[in-house]
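Trainee: Based on what follows, work out the 3D shape:
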Amino acid sequence: MNRPRVHRRPLLRPVPLAAAAVAVALLGAVVVTPPATAAGATGVTTASRPVTDPAASVDPFIGTSHDGNTWPGATAPFGMVAWSPTGTAGDQTSTPVANGYSYDVDRLRGFSLTHLNGAGCAPGAAGDVPIMPVTTAVTTSPSADTTDAVYAAGYSHDHESASPGRYGVQLDNGVRTDLAVTTRAGIGAFTFPAGEAANLLFRTSNSINGSEDATTSVDPRTRTVSGSVLTGGFCSRRANGGGATNPDRRSYYRLYFTATFDRDFASTGTWKDGTVQPGGTHVSGGEGYLTGADRAGRGSGAWVGFDARRGATVHARVGISYVSAAGAVANRDGEIGRRASVDSVAAATRASWNQELSRIRVGGGTPERTTQLYTAVYHALMQPNTINDRDGRYLGPDQRVHRIDPGHRAVYGTYSGWDQYRAQIQLLALLRPDVAGDMAQSMLRFAQQNGGVWDRWLHLGAPTHVMTGDPSAATLATWYAMGVRNFDVRAAYRSLRTQATTQNADALSDIGCPGQCLAQRPGLDQYLQRQYAANDDCHCWGGAAETLEDSISDSALGSWASSLGLRSDARMFATRGEYWKNTFDPAVGYQAARQADGSWAPDWSPSTGVGFAQGTSAQYTWLVPQDVRGLSQALGGDAAAVARLDTFFHDDSGAFAVTGGDATKFDPTNEPDIHTPWMYNALGQPWKTQETVRRVVDDAYGTGPGGLPGNDDLGTMSAWYVFASIGLYPQTPGRADMIVSSPTFSTVDIRRSSGQRIGIRSSGTDTFVQGAQLDGRTLRQSWVPSSFVTRGGTLSLRVGATADTSWATAPGDRPRDR
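Mentor: A predicted model of the protein is given here:
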């Protein structure tokens with residue numbers, strides 16, 4: 001979502017993995033709750049031999065540096081709990097990066113129970129209830145330790161390990177922390193050195209963005225610490241989010257937690273702001289949502305101490321809930337039994353991850369590419385996040401408690417629509433159409449609980465208004481095209497149609513603009529009248545960007561309507577899918593900001609960001625995946641369009657320039673142009689797609705902490721890498737057709753949870769496709785139809801080291817816009 005620094009690909013750093021072998025009896029005490037039944041856990045080594053542990057190829061540290069904004073902590077597939085470190089650079093009211101952990105910062109102030117994966121706002125959100133082991137006596141308020149000088153600790157990456165479902169680190173204060181989780185609960189082992197104080201701080205108010213209120217209670221009799229934090233504030237300090245009027249500078253959820261220990265407390269205490277209460281057992285108080293001096297010194301929490309004269313290992317079973325304190329207890333006790341250990345929980349969750357990772361089996365690639373692929377799948381399937389308790393209750397955006405619809409396995413939240421609709425939601429539907437359907441039903445309910453409005457960016461179920469466009473329409477239309485049916489299709493379509501055709505009450509609001517405009521389908525009546533979003537009257541983040549995004553969503557709605565037999569709607573939305581032409585300035589040959597009077601905004605250049613959201617005119621001009629033929633005509637024909645694309649991917653010397661940093665070139669660090677390498681297929685030169693995609697894979701992605709080109713944006717950049725690795729990419733939202741490139745593996749087997757099997761066979765891992773077959777028949781096209789996804793099949797590719805400039809070049813062999 002936000003644009004990161006450009007960096008060079010680092011070398012692979014090995015990650016220590018904890019042993020997973022445990023006693024069968026211990027495994028019986030653990031309940032991991034994946035959303036659906038499992039497939040066989042198998043993978044393929046680089047020698048094409050099947051393996052049973054693809055989780056061993058995952059490196060959770062990929063993306064934890066250079067603004068990837070991932071984190072290495074313990075989480076389950078689609079998990080509610082994400083138990084991971086929160087770092088500090090010396091300011092307790094902020095974090096080094098958006099989601100709390102940076103590989104480049106070697107000091108921590110706690111292990112928080114919730115996180116967002118790869119969101120770009122700094123600070124982002126979540127990071128709730130940091131739990132910090134310290135070996136000092138608590139004589140001053142931890143909230144008053146505003147520079148994290150006393151109640152934080154350093155560490156070395158040499159003493160840090162991570163694997164799917166488990167995280168461990170030994171801090172410089174001598175405490176070893178080992179964490180494992182299920183969907184809604186976790187277990188931690190904290191080993192304190194002998195002869196030192198042994199205290200666990202519950203920094204309940206210290207969520208990443210702060211908090212409105214927090215409560216903490218200690219019960220020595222039951223050896224339990226419990227409480228809640230009232231918080232929210234996603235992107236609430238964003239510079240372009242409206243300042244003091246930022247609509248997200250508010251609370252929209254309360255997280256409840258409970259932690260039960262296996263040892264008696266030797267001491268207890270609480271603090272609020274600057275006051276410490278030794279022996280205290282109850283406290284409340286929030287921090288607010290500001291930063292620096294406006295928040296420093298505020299907050300509340302509690303600590304429990306243990307007898308560590310001879311050393312001590314303390315185990316805590318933790319549960320969370322967005323519904324109630326009782327829900328947190330039920331989630332904990334229902335998923336982590338009293339006999340569970342860190343080893344047993346970690347082993348069960350690792351097995352759950354293997355079920356998900358093995359939905360894609362690969363062989364014939366290098367060890368580095370195998371690590372990158374499985375880590376990318378891992379990051380992509382961290383979300384959406386389960387938000388319902390085990391009893392089916394969940395918190396809606398109306399701040400009321402609701403119950404899951406019959407026939408659904410989970411309620412899912414957190415949707416980075418502007419980012420995810422380009423790659424992540426397609427990968428989710430490809431691998432887990434059942435989860436996509438549950439998410440679609442969840443989004444429908446959230447919209448109904450939000451006055452009928454589908455917000456473009458949800459944290460949990462709450463609207464945050466971030467970015468532009470109407471990505472929910474593109475998302476659900478795509479899911480339907482890819483065979484997802486387990487949601488109320490007609491109700492969802494009607495609701496999204498209403499949003500696209502009837503102006504809502506906030507459509508003329510400028511609150512939160514430009515970055516977090518409250519308005520969804522902003523200024524709709526004017527948009528439909530002008531057939532573009534006027535940059536000086538759009539109530540949005542860039543008129544040209546809004547027009548392009550809405551054109552994509554409308555085209556997707558048209559495809560969906562056609563599938564539903566709604567011909568009039570299909571024609572209407574197909575026409576609106578061409579509104580992008582009204583912000584294309586033929587005088588300059590680029591997309592540009594257009595004013596309400598029809599004139600063009602002054603001082604245009606290809607590098608301008610005026611009229612656009614986190615991108616430039618040069619980058620957004622290509623944002624027409626639904627009408628590549630029309631774009632080609634606007635650019636002067638296929639030859640001219642190809643020449644423009646060549647310039648877009650190369651510098652003046654003719655060398656590839658695909659790592660970002662030039663406002664007039666391709667930017668792999670952000671979403672608006674990530675589809676462009678595949679556009680050569682539609683222009684009749686698919687060998688350039690193959691070469692360009694491979695260069696992006698090699699130059700912009702890598703292994704190690706800096707292995708992502710930019711913010712992962714809830715798995716979007718990781719999903720892009722997965723598609724690039726298997727040699728397919730979604731053609732356009734609202735369709736299930738896939739564009740063909742060359743895979744980086746010789747064998748790819750995909751097992752959809754709905755039963756279809758998709759195979760991709762390549763004669764090697766060279767760059768260029770020199771021939772293809774689909775289900776044994778010669779394939780002359782550079783794309784595969786929707787039936788390949790919805791019914792399954794086998795794509796066989798013959799590849800080589802030299803470009804075949806004759807394959808799939810004829811006009812009839814190119815991807816079709818409709």
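
Trainee: Dump the C-alpha coordinates for stretch 377-394 into CSV.
Mentor: Extracted as CSV, the C-alpha positions of stretch 377-394 are listed here (Å, rounded to 0.1, in the frame of the first residue of the first chain):
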residue,chain,number,x,y,z
VAL,A,377,2.0,-19.1,-0.1
TYR,A,378,2.4,-18.9,3.7
HIS,A,379,2.2,-15.1,3.7
ALA,A,380,-0.8,-15.1,1.3
LEU,A,381,-2.8,-17.5,3.4
MET,A,382,-2.3,-15.7,6.7
GLN,A,383,-5.4,-13.8,5.8
PRO,A,384,-8.4,-13.3,5.8
ASN,A,385,-8.4,-13.6,9.6
THR,A,386,-10.9,-15.6,11.6
ILE,A,387,-12.8,-13.2,13.9
ASN,A,388,-15.6,-15.4,15.3
ASP,A,389,-15.4,-17.3,18.6
ARG,A,390,-15.7,-21.0,18.7
ASP,A,391,-19.4,-20.6,19.5
GLY,A,392,-19.9,-18.7,16.2
ARG,A,393,-20.3,-15.2,17.6
TYR,A,394,-18.5,-12.3,16.2
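
Trainee: how close does the residue nearest the centre of the chain sit to residue 104?
Mentor: Nearest residue to the geometric centre of the chain (CA atoms, centre = their mean): residue 714, 0.6 Å. For residue 714, the distance to residue 104 equals 22 Å [CB to CB, to the nearest Å]. The way it works is simple: take the backbone N, C-alpha and C, and place the C-beta from them, glycine included.

Trainee: I'd say residue 775 and residue 787 touch.
Mentor: No: judged on CB atoms under 8 Å, residue 775 makes no contact with residue 787 at a distance of 9.8 Å.

Trainee: Common neighbours of the two, please.
Mentor: When contacts are counted by CB atoms under 8 Å, 6 or more residues apart in numbering, the set common to residue 775 and residue 787 consists of residue 793.

Trainee: just how off-centre is the longest helix seen in the chain within its chain?
Mentor: Determined from DSSP state H, the single longest helix within the chain is helix 543-563. Chain-centre distance of helix 543-563: 22 Å, with CA atoms, centre = their mean, to the nearest Å.

Trainee: Kindly export it (C-alpha atoms) in PDB.
Mentor: What follows is helix 543-563, C-alpha atoms only, in PDB (Å, rounded to 0.1, in the frame of the first residue of the first chain):
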ATOM      1  CA  GLY A 543      -9.900  11.500 -10.000                       C
ATOM      2  CA  ALA A 544      -8.000   9.500 -12.600                       C
ATOM      3  CA  ALA A 545      -7.200   6.800 -10.200                       C
ATOM      4  CA  GLU A 546     -10.900   6.600  -9.000                       C
ATOM      5  CA  THR A 547     -12.100   6.400 -12.600                       C
ATOM      6  CA  LEU A 548      -9.700   3.600 -13.500                       C
ATOM      7  CA  GLU A 549     -10.500   1.600 -10.400                       C
ATOM      8  CA  ASP A 550     -14.200   2.000 -10.800                       C
ATOM      9  CA  SER A 551     -14.000   1.100 -14.500                       C
ATOM     10  CA  ILE A 552     -12.400  -2.200 -13.500                       C
ATOM     11  CA  SER A 553     -15.000  -2.900 -10.800                       C
ATOM     12  CA  ASP A 554     -17.800  -2.000 -13.200                       C
ATOM     13  CA  SER A 555     -16.400  -4.300 -15.900                       C
ATOM     14  CA  ALA A 556     -16.200  -7.100 -13.300                       C
ATOM     15  CA  LEU A 557     -19.800  -6.500 -12.200                       C
ATOM     16  CA  GLY A 558     -20.800  -6.700 -15.900                       C
ATOM     17  CA  SER A 559     -19.200 -10.100 -16.200                       C
ATOM     18  CA  TRP A 560     -20.900 -11.300 -13.100                       C
ATOM     19  CA  ALA A 561     -24.300  -9.900 -14.300                       C
ATOM     20  CA  SER A 562     -23.800 -11.700 -17.600                       C
ATOM     21  CA  SER A 563     -23.100 -15.000 -15.700                       C
END
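
Trainee: Give the other helices and strands that whichever helix or strand comes after it contacts.
Mentor: Next helix or strand after helix 543-563 toward the C-terminus (DSSP states H and E): helix 567-576. Judged by 3 or more CB pairs under 8 Å, 6 or more residues apart in numbering; DSSP states H and E, helix 567-576 is in contact with helix 543-563.

Trainee: For the helix it packs on, give the mean pLDDT please.
Mentor: Mean per-residue pLDDT for helix 543-563: 98.

Trainee: again, but for stretch 790-808
Mentor: 98.

Trainee: got the buried residues for it?
Mentor: 790, 792-793, 795-799, 803-804, 807-808 (16 or more other CB atoms under 10 Å).

Trainee: helix/strand/coil for residue 160?
Mentor: strand (DSSP: H, G, I helix; E, B strand; the rest coil).

Trainee: Excluding covalently adjacent residues, which one is nearest to it?
Mentor: residue 169 (4.4 Å; CB to CB, 6 or more residues apart in numbering).

Trainee: Poorly predicted segments of the stretch 151-300 of the chain, please.
Mentor: The stretch 151-300 of the chain contains residues with pLDDT under 70 at 236-248.

Trainee: repeat that for 80
Mentor: Scanning the stretch 151-300 of the chain for pLDDT under 80 picks out 235-249, 291.

Trainee: same check, this time on the chain
Mentor: For the chain (pLDDT under 80), the answer is 1-52, 121-124, 235-249, 291, 818.

Trainee: Residue 713 touches residue 416, doesn't it?
Mentor: Yes: between residue 713 and residue 416 a contact is recorded at 5.5 Å, counting by CB under 8 Å.
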